[in-house]
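J.: From the sequence below, what's the structure:
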Amino acid sequence: MNRTIRTLTIALALPILIGAAFAAPKRENLVRRIVNSEYALEEIMAKRETQIPAPILEQAKGVIITLNYRGGFMLGGHAGRGVLVAKNLLNGEWGVPAFVSTGGANLGFQLGVKEIDTVYVIMDDATVRKAYTGRFDLGADAAAVAGPKGVRTEANESDDYKNANILVYTTTKGLFAGVSVKAGWVKPDNSATKIFYNTHYNAPEIVLSDWFDLPREAQALINRLNYYTGGGI
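T.: The predicted model follows:
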């Protein structure tokens, strides 16, 4: 199958893939989502051009790590799943993860499907609350800009990012020809979070708690966050 036919086939199959991804999750699928989030974070931190500086993670109040798929033709869109990890308000340490869903729309000529691994670094407590209590729209409810990358010096530092609520770091895979995403949203995936923790509590009680034990399946993700926050690369 040549590249054009293969690309068209994938693009036409995107609604089916998204529909399957948004079906009621099983716990093993949620574990896979956490593992994939760890890999996405590792991939972003492995390259200087996408790397999140340790001082940014030290100042951050939370992170959302997502794996999104987007594509289509004249009207396209993106949809995905991810995890939210917030810092505990009492001790400032990374807490237990909760699950989120993401989406958005694109306008313009587009061809193909692209997997987009993205880390949203949240810089204020109010935006963290929006992320775990209800849907919020990037651009409307929270100012999101590209974050500073790699090792920074006074010579190359810009102040453009310092007033933003969210700093965005991303790497892409696959073919996509068209305009970039102009808007997007994030909302808590409470059904997934309840299944993962086998609880009736929603994301706010879990994310901000100091009495939910970190599941062993999420330990590697939190260890990696701590490693990068401490300056490890």
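J.: Run through the residues that contact E43.
T.: 117, 171 (C-beta atoms under 8 Å, 6 or more residues apart in numbering). Where C-beta positions appear, they are placed from N, C-alpha and C, glycine not excepted.
J.: Quick check: the gap between it and L225.
T.: Per C-beta to C-beta, to the nearest Å, E43 is found 14 Å from L225.
J.: can you check D125 too?
T.: D125 is 18 Å from L225, by C-beta to C-beta.
J.: out of the two, which sits in the busier spot?
T.: L225 (21 against 13; other C-beta atoms under 10 Å).
J.: Does that one touch V85 like I think?
T.: Yes - counting by C-beta atoms under 8 Å, L225 sits close enough to V85 to count as a contact (6.4 Å).
J.: Mind listing the shared neighbours of these two?
T.: Common neighbours of L225 and V85 (C-beta under 8 Å, 6+ apart) are 63, 94.
J.: Verify the contact between Y120 and I64 for me.
T.: Yes - between Y120 and I64 there is a contact at 4.2 Å, judged by C-beta under 8 Å.
J.: list the residues that contact both of the two?
T.: Counting by C-beta under 8 Å, 6+ apart, the residues touching both Y120 and I64 are V186.
J.: part of a helix, is T170?
T.: No - with DSSP: H, G, I helix; E, B strand; the rest coil as the criterion, T170 is located in strand rather than a helix.
J.: Now it: closest residue in space that isn't a chain neighbour?
T.: Excluding its sequence neighbours, the residue lying closest to T170 (C-beta to C-beta, 6 or more residues apart in numbering) is T118, at 4.3 Å.
J.: what secondary structure does the one you found sit in?
T.: Secondary structure for T118, judged by three-state DSSP, is strand.
J.: how close does it get to A46?
T.: 15 Å.
J.: What are the contacting residues of stretch 188-195?
T.: Against stretch 188-195 from outside (C-beta under 8 Å, 6+ apart): 24-27, 30, 33, 81, 84, 98-101, 131-134, 200-203, 206.
J.: repeat for stretch 51-59
T.: With contacts defined as C-beta under 8 Å, 6+ apart, stretch 51-59 is touched by 44-45, 63, 119, 121, 123, 147-152, 167, 169, 225, 228-231, 233.
J.: Return the members of those residues classed as buried.
T.: If you count burial by 16 or more other C-beta atoms under 10 Å, the buried members of the contacts of stretch 51-59 come out as 44-45, 63, 119, 121, 123, 147-149, 167, 169, 225, 228-229.
J.: Please flag which of the residues you listed sit within strands.
T.: Among those, the members found in strands (DSSP state E) are 63, 119, 121, 167, 169.
J.: Same list (these) but as a markdown table, adding distance to Y161.
T.: Formatted as a markdown table, those follow (distance: C-beta to C-beta, whole Å):
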| residue | distance to Y161 |
| --- | --- |
| V63 | 15 |
| V119 | 14 |
| V121 | 10 |
| L167 | 6 |
| Y169 | 11 |
